[in-house]
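J.: here is a sequence with its predicted model. Questions after.
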Amino acid sequence: VPGASCVDWPVSYEELEPFYLYTERLMGVQGLAGADPQEPRRSAPYPMPPGITPYLAELVKKGTDQLGYQLFPCPAAVNSRPYDGRPACVDCGFCQSQPCPINAKGSPGVTTLRKALLSGNCQIRTETRAVRLLFSGDGATVTGVEALLPDGKRATFRADRYLLAANPIEDVRLLLLSTQGAALKDQSGLVGRHLMLHRSLDVLAIFEDQLHGHRGHGSTHGFSDFRVPRDLQRPLGGLVLATPIPYLIEQAYTYLSQFRQLGVRGALFKKLLRQGRVRDRILSLSMYGEDAPQASNVVDLDPAVRDSDGLPAPRLTYRNHEYEESAVRYYAPKLIELAGAAGARFAAPAPTGELAGSGHLMGTLRFGVDPRASVCARDGRFHGIGNLYGSGASLFPTSSGFNPTLTIATVSAYVAASMVSPGSPERALS
């Protein structure tokens, strides 16, 4: 791809597959093996079967069947039945952008983080913020982490090994705050580069009748027919999700601010929310476009803006590549066509902001085999820094065209296993 830096991952799917299965069991994922025609080989089924098919998905299926697309239940970390001491989802629709009130959603607070805390081997320092890594004289070893305590004082924490896991923006920010005026021990010059945000395409469809989109856990169904790498006759798209627009709690805030001056409150306000005349007739068809990784898409420190502690804020320099923009132009009419086939009266692409991304953060510390072309090695360890590791989405060399959450957790598990069992990470799973 001209102007892009597309490279292979240093770890194969076959090596990561056991860690995908481990992560699915840890988080509690529902799904149907083989339902996605683009799905790679699996050696075990999902921990739970798919939940109920909502009415909205049935409508979309009429359209996908008519146009020859294959709609399938999307894997999701939501309990379709009691699992790991947590109840099954009741499909109340309150989980989009919010914690689940009954803990049926596999959020870290009720799965991974909770188990780590209960093990006695994990500690959370609340209101304590890492602000600088300390390095040895030759820059090849991290000797400590300087942190701001709740009272504003600074303290140093020391360990044998250190792991960056803040996110692709804050990981880089911490590194740059640690090396102001000095060079990081890095041959590639790629720290902070190749930021990817998943160029999304959202087509909003309006129906005459109610969709009851709040009955379900959000993005229950999708199709991957636009994600066919072998088809060179069209741009490479991504997974398309059929998503309602409930956001019930956010809608309550919006309506309250809009109608408070008219005296709409109490029982009348509750009736307004229940009717949901706008919300309950809108469907979003959302495609995760794959960003072409570009070295010019970079995270660095802002020379002027400071945060509440007086530290330089991160600055993002980002421009979408023609690679993903061509996919958006090609597939937008197809999603509008699908909306019509599903019964919508009106459909149009949703406007994008100045930064046309989904909010999925990936890249900036890409891992690879060659220290001249990557920041971290295949096990997550920084090239040239023996006890510092990257993890999760920061390591991604490319972004793919699917939601990255499971892969973020899987790569993190792979790096952790590589720390425990260097050279044979799979042994850590046994």
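T.: Perfect, I can see it now. Numbers count the residues shown, from 1 in each chain.

J.: got the buried residues for the longest helix out of those in the chain?
T.: The single longest helix within the chain, with elements called by DSSP state H, is helix 322-341. Within helix 322-341, the residues scored as buried using 16 or more other CB atoms under 10 Å are 323-324, 327-328, 331-332, 334-336, 338-341. Bear in mind the C-beta positions are built from the backbone N, C-alpha and C, glycine included.

J.: and of those residues, the nearest to G423?
T.: Y323 (35.9 Å; CB to CB).

J.: before we move on, what SS does the residue lying closest to the closest one once chain neighbours are set aside have?
T.: Using CB to CB, 6 or more residues apart in numbering and skipping residues adjacent in sequence, the residue nearest Y323 is A292, 3.8 Å away. What DSSP: H, G, I helix; E, B strand; the rest coil gives for A292 is coil.

J.: output the helix or strand following the longest helix of the chain as CSV - backbone C-alpha positions only.
T.: Counting by DSSP states H and E, the next helix or strand C-terminal to helix 322-341 is strand 346-349. Taking Å, rounded to 0.1, in the frame of the first residue of the first chain, the C-alpha atoms of strand 346-349 are listed here in CSV:
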residue,chain,number,x,y,z
PHE,A,346,-34.6,6.6,5.3
ALA,A,347,-30.9,5.9,5.6
ALA,A,348,-27.7,8.0,5.3
PRO,A,349,-24.1,7.9,6.5
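
J.: give the buried residues for strand 346-349.
T.: 347, 349.

J.: next SSE downstream of that strand?
T.: strand 362-364.

J.: return the list of helices and strands in contact with that following strand.
T.: Counting contacts by 3 or more CB pairs under 8 Å, 6 or more residues apart in numbering; DSSP states H and E, strand 362-364 packs against helix 168-178, strand 193-196.

J.: most tightly packed of the ones you listed?
T.: Ranked by mean neighbour count under mean count of other CB atoms under 10 Å, those are led by strand 193-196, which reaches a mean of 27.

J.: what distance separates that one from the centre of its chain?
T.: Centroid separation for strand 193-196 versus its chain: 15 Å, with CA atoms, centre = their mean, to the nearest Å.

J.: run the chain-centre distance for the helix or strand just after that strand.
T.: Later in the chain than strand 193-196, the nearest helix or strand by DSSP H and E is strand 200-206. Computed by CA atoms, centre = their mean, the chain-centroid distance of strand 200-206 equals 19 Å.

J.: how about residues contacting the helix or strand just after strand 200-206?
T.: Where DSSP H and E defines the elements, the next helix or strand beyond strand 200-206 is strand 221-223. Outside strand 221-223, the residues that touch it by CB atoms under 8 Å, 6 or more residues apart in numbering are 53, 57, 60-61, 64, 69-74, 239-242.
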